[in-house]
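Participant: I'll drop the sequence and a predicted model, then ask my questions.
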Amino acid sequence: MDTITPYKPKNKVRIVTAASLFDGHDAAINIMRRIIQATGVEVIHLGHDRSVEEVVNCAIEEDANAIAMTSYQGGHIEYFKYMYDLLQEKGAPQIKIFGGGGGVILPEEVKELTEYGITRIYSPDDGRSMGLQGMINDMILLCDFPTGEIVDFSVADLTKKNPMQLAIAISAAENFSEKHTSFINEIKTAAKKSETPVLGITGTGGSGKSSLVDELVRRYLIDFPEKTIAIVSVDPSKRKTGGALLGDRIRMNSIKNDRVYMRSLATRQSNLALSKHVSIAVDILKVANFDMVILETSGIGQSDTEILDHSDVSLYVMTPEYGAATQLEKIDMIDFADIIALNKFDKRGALDALRDVKKQYQRNHNLWESSIDSMPVYGSIASQFNDPGTNELYQVLIKKINEKTGTHFKSTFEVSDKISEKQYIIPPNRVRYLSEITENNRAYNQNAKKQKQIAQKLFGIYKTICSVARVSVETELMHLTKIGVNEEEILKLAKNDVDTQFLSLLFKEFARVKMDLNPYNWEIILNWGAKKQSYKNEVFTFNVRGKELNIKTHSESLSHTQIPKISLPKYEAWGDLLLWTLEENVPGEFPYTAGLFPFKRTGEDPARMFAGEGGPERTNRRFHYVSLGLPAKRLSTAFDSVTLYGNDPDIRPDIYGKIGNAGVSICCLDDAKKLYSGFDLTNAMTSVSMTINGPAPMMLAFFMNAAIDQECEKYIAANGLEKEIEEKIKGIYKKKGIARPQYQGELPEGNNGLGLRLLGVTGDEVLSLDIYKKINEKTGTHFKSTFEVSDKISEKQY
């Protein structure tokens, strides 16, 4: 295929990119947004799992030319149509919508969406015919139009804080400043009268500025429920292509609020941390009467102090990993910053770095008479919820803003005396636990190979002894003992012409080599014959949970041939036998590579009964269909993306389209009861597996309670309490004043209704607490379920 030349846009094109709601397939959109950026476009990237409203609001606030989405998780018809409708409703029909989803979006669906108003949905056929760059060229060509050219509102209208008007005003200043000179001058004049404080936040790239801004905004919104805030975030433009990745919104979790406005700007110039249009953008937000403006720069070098010209209070963000202490002397912002945040305070050496930065601040500001602890340098961990250091930093910033600007932010935010300390999910001394496991396993395998060499040498020496002493092959193993070779017995069996002196040398060499062999491994060699015989016997006996089990070791074929269930290797050399035993071994013995138990169960069909689509009733019918007439019920459950992401189903179109798509929708205990109704969850022949990730604890709780309530139903039936319990349930729902939940539709063949009697209630609501407690304790030891993480990272057995 010929190389396709990237299209060169005539205008400054801005595109919002994201993956759709409950969709973790972000590989495709990451590839696409990189090509879009390399084609000279300013890309506002939101990442994955983004709702329609979030994407649309972002596109309006950013005055984007287009939205580019990937949707690989289904529900795309509802998602894209809702996006189109919302753009029309919010008065932004000029924003184009592009999408793709590989083979997930069918050709007829592509046609339906384009006829509805979606600009273009790209298919695999488009990729084959146009190539990736060709598709991107086509998309940019379709949205290459100017923004900010027409301003149909007055400066006074900006006080309404209409996101679209604010966005257009900033675009007008960026793209058509000469055309709108009088409009811009009026804004500058009005901004001079504004008392809105500007907090400038700057720092090195990767110091966590955006995460820290998000945490500060969250605290501000909680602290001042009536106040508004605006954010201007700047990222660098690529000198080579002119494109830019405006990715700060990925970190912003607190801005989904009517009181927050955010605009991302590209520098559109090289070697500078701010756009030349930052000043007018801040002025526009001042004129709009926001109570505070945060200006965040792109990552800066040691000598950059540009933020000081545009802010009232400056915050310099750095990390403990700044290099040698002498590097601090080169950082200009330490001379001028009002406050310094030492972010990522969980890094090694953070306390030493905090002391060094405070000392440097003291030197630079000649504060020799002040205590080093009083220097405005604070450790923070922005990635940690309710971090004490970030709380203190926020409180100090509010005080400094009041002090320098004369504003009156009366903060009631409570701050603890605790220093920032990482709350670890995995303790620090165990962060390498996976590496430790693999290192241990590799060391074990290396040791097994060394032991093999020793055993192999012993085997050679012993074979030589037997050959010299003329011991028959059939009786060779009879002359071995727990301590080694039975020398006296072999010498007695030796012929008169045997060189006993040579035999003695061999005995000594055998004993010398055997000293390097692990006694446990010598036991393996000694018992190999007995092990082989145990699998040749007709019946193999072993114990499980104190119960003796007798299993036939062979199965008979149609031609009456006895086929061994466990086939042992035909090795004779001790080294080969030892290595096989140490690294593989038979089922039921360490290292358990062939299974935990000596033999597999023959009374349970291993067929996987897989289901998961629509609501719980639909999947329940499928479970009963695939398991009808079979003694073993091995139910394997797939959940829809709404459930996988831990959200509730909703009629909102971008959620509604994904309910029950490629999995069953389960959001409450009653759903779990319906899903597994008619299956005895405590029966030894029933097992349930669930493919889940984040909400695994909730799903486990649903499952356990469904199993417990099934046992309560059995107790109710066994003791003739049906009428009494039914009256209790009716009384409960009469008091609530709502209808009682029901199984929708007819029960499928094989469903006896087990699990449905207590729909809407739990056993402890209708039975005495003593009885319920006994049932609860008993049930916990009788059910089988497996939770498998949906990305196949790990599996946990409960």
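Facilitator: Structure received.

Participant: Point out where the stretch 651-798 of the chain drops to low pLDDT.
Facilitator: Applying pLDDT under 70 to the stretch 651-798 of the chain picks out residues 783-798.

Participant: element containing V317, please.
Facilitator: strand 313-318 (DSSP states H and E).

Participant: can you give me how far that strand is from the chain middle?
Facilitator: 31 Å (CA atoms, centre = their mean, to the nearest Å).

Participant: And the residue lying closest to Y84 once chain neighbours are set aside, how close does it get to I95?
Facilitator: Leaving out its chain neighbours, the residue that sits closest to Y84 by CB to CB, 6 or more residues apart in numbering is G117, at 4.8 Å. C-beta coordinates here come from the backbone N, C-alpha and C atoms, glycine included. Separation of G117 from I95 (CB to CB, to the nearest Å): 11 Å.

Participant: What of V313?
Facilitator: 35 Å.

Participant: Quick one, grab the pLDDT at A172.
Facilitator: As predicted, A172 sits at a pLDDT of 97.

Participant: Please list all residues in contact with V198.
Facilitator: The contact partners of V198, by CB atoms under 8 Å, 6 or more residues apart in numbering, come to 282, 286, 292-295, 310-313.

Participant: rerun that using 10 Å as the cut-off
Facilitator: Going by CB atoms under 10 Å, 6 or more residues apart in numbering, V198 touches 230, 232, 282-283, 285-286, 290, 292-295, 307, 310-314, 401, 405.

Participant: Enumerate the beta-bridge partners assigned to it.
Facilitator: V293 (DSSP bridges).

Participant: going on from the helix ranked longest in the chain, what's the next piece of helix or strand?
Facilitator: Taking DSSP state H as the criterion, the chain has its longest helix at helix 433-468. Next in sequence after helix 433-468, counting helices and strands by DSSP H and E, comes strand 480-481.

Participant: Pull the residues that contact that next one.
Facilitator: 462, 486-487, 489, 522, 525-526, 529.

Participant: Is it correct that P388 is in contact with K422?
Facilitator: No. Applying CB atoms under 10 Å, one finds P388 not in contact with K422, separated by 11.3 Å.

Participant: who has more neighbours, the two?
Facilitator: Taking neighbours as other CB atoms under 10 Å, P388 and K422 compare with P388 leading, 18 against 15.

Participant: Not counting its neighbours along the chain, what's nearest that one?
Facilitator: K418 (4.1 Å).

Participant: what's the answer for T637, then?
Facilitator: With CB to CB, 6+ apart, the residue lying closest to T637 is M690, at 4.6 Å.

Participant: Kindly confirm my reading that that neighbour is in a helix.
Facilitator: No. Assigned with DSSP: H, G, I helix; E, B strand; the rest coil, M690 falls outside any helix and is strand.

Participant: Identify the residues contacting N751.
Facilitator: 617, 620-621, 623-624, 677-679, 743.

Participant: tell me the contacts of the nearest residue to Y433 once chain neighbours are set aside?
Facilitator: Leaving aside its sequence neighbours, Y433 sits nearest to I426 (CB to CB, 6+ apart; 7.0 Å). When contacts are counted by CB under 10 Å, 6+ apart, I426 touches 432-434.

Participant: TSV please, covering these and showing distance to N661, neighbour count and pLDDT.
Facilitator: Shown next, in TSV, are these (distance: CB to CB, whole Å; neighbours: other CB atoms under 10 Å; pLDDT from 0 to 100):
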residue	distance to N661	neighbour count	pLDDT
R432	40	12	89
Y433	37	10	90
L434	34	10	92
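
Participant: Rebuild those residues as a markdown table, extending it with distance to E321.
Facilitator: Output for the contacts of I426, formatted as a markdown table (distance: CB to CB, whole Å):
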| residue | distance to E321 |
| --- | --- |
| R432 | 20 |
| Y433 | 24 |
| L434 | 24 |
